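# Please work out how this folds:
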Amino acid sequence: MTETATPPITAAILVIGDEILSGRTKDKNIGYIAEYLTNIGIDLKQVRVVPDDEADIIEALNALRARYTYVFTTGGIGPTHDDITADCVAKAFGVPIGHDPRAVAMLRERYQDGDLNEARLRMARIPAGAELVDNPISRAPGFRIGNIIVMAGVPAIMQAMLDNAAVHLQTGARMIAETIDTHGLPEGIYAKALGEVARAHPAVSIGSYPSFLNGGFRNQIVVRGKDREVIGLAVAAVNTAIALLRPDNIPA
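A predicted model of the protein is given here:
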């Protein structure tokens, strides 16, 4: 019997907020989530940023949740009129939304009765059937429904929510990355050879990344994959190609 390869666990991030698109707020969540997911074996495949617009949010939610194992959203679950993420998620799933007694109880841990006003109670509106994602910092919870995990946009709160959501996620093999320094060899010299190596090793991802360091360019090649033996073969092929292209084939 032929074994079927286990499909990868994939994810997308949906960043919600006019303030991100206007540049007023600089996103600090994408990189954190990307690294977090990589470390637990979930492949981040796409990131979208949408405004506080119902149609745009619903369209993005439905497109992403149909394509990826998980969708992580950030932003739009606060107490103001433009915090519409929860309503949009409910509409995307076709379920009602209302004040969830569990979420209200969480808010009461922080606010006295006189302080738990109508605006703050908006943060307890949860789509029917959703599981709550605990927020130990400000107590207003995120939630999960289907394969969508809804989190706050404030980085510290998002990170706490992600920790609590992650324990319930299906995870896969961790991504392994090996970095190769070209020792000053320009991309234009090794680009063709690198492409040939990439085509010969389709099971790994090979990328070239230039940077500016100490007044000059530094080029590094990164080989990524989940099978260490396969990665090793690709790394050896890259090293051989780079060595052959160095002047006089003298190792750097």
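
# rest of the way, CA atoms for contacts and neighbours
Noted.

# Please identify which helix or strand holds S208.
If you go by DSSP states H and E, S208 is part of strand 205-213.

# If you count contacts, what does that strand end up packed against?
Counting by 3 or more Cα pairs under 8 Å, 6 or more residues apart in numbering; DSSP states H and E, the packing neighbours recorded for strand 205-213 are helix 187-200, strand 216-225.

# which of the residues in the following helix or strand past the shortest one are buried?
What that stands for is strand 216-225. For strand 216-225, the following helix or strand on the C-terminal side (DSSP H and E) is helix 228-245. Residues 231, 234-235, 237-238, 241-243 are the ones in helix 228-245 that count as buried (16 or more other Cα atoms under 10 Å).

# same question, stretch 154-163
Within stretch 154-163, the residues that count as buried by 16+ other Cα under 10 Å are 155, 157-162.

# for the stretch 1-150 of the chain, what spans make up the helices?
18-22, 30-39, 54-67, 85-93, 101-108, 118-121 (DSSP state H, counting those that start in this stretch).

# how far is the fifth one from where the chain is centred?
In terms of Cα atoms, centre = their mean, to the nearest Å, the centre of helix 101-108 is found 28 Å from the chain centre.

# And the contacts of it?
With contacts defined as Cα atoms under 8 Å, 6 or more residues apart in numbering, helix 101-108 is touched by 116, 121, 123-126, 132, 139-141.

# again, 6 Å this time
The contact list for helix 101-108 (Cα atoms under 6 Å, 6 or more residues apart in numbering) reads 124, 139-140.

# Confidence-wise, which of these comes last?
Taking the contacts of helix 101-108 together, the minimum pLDDT is found at R139 (92).

# Buried residues in stretch 24-42, which are they?
Neighbour count says stretch 24-42 has 27, 29, 33-34, 36-42 buried, by 16+ other Cα under 10 Å.
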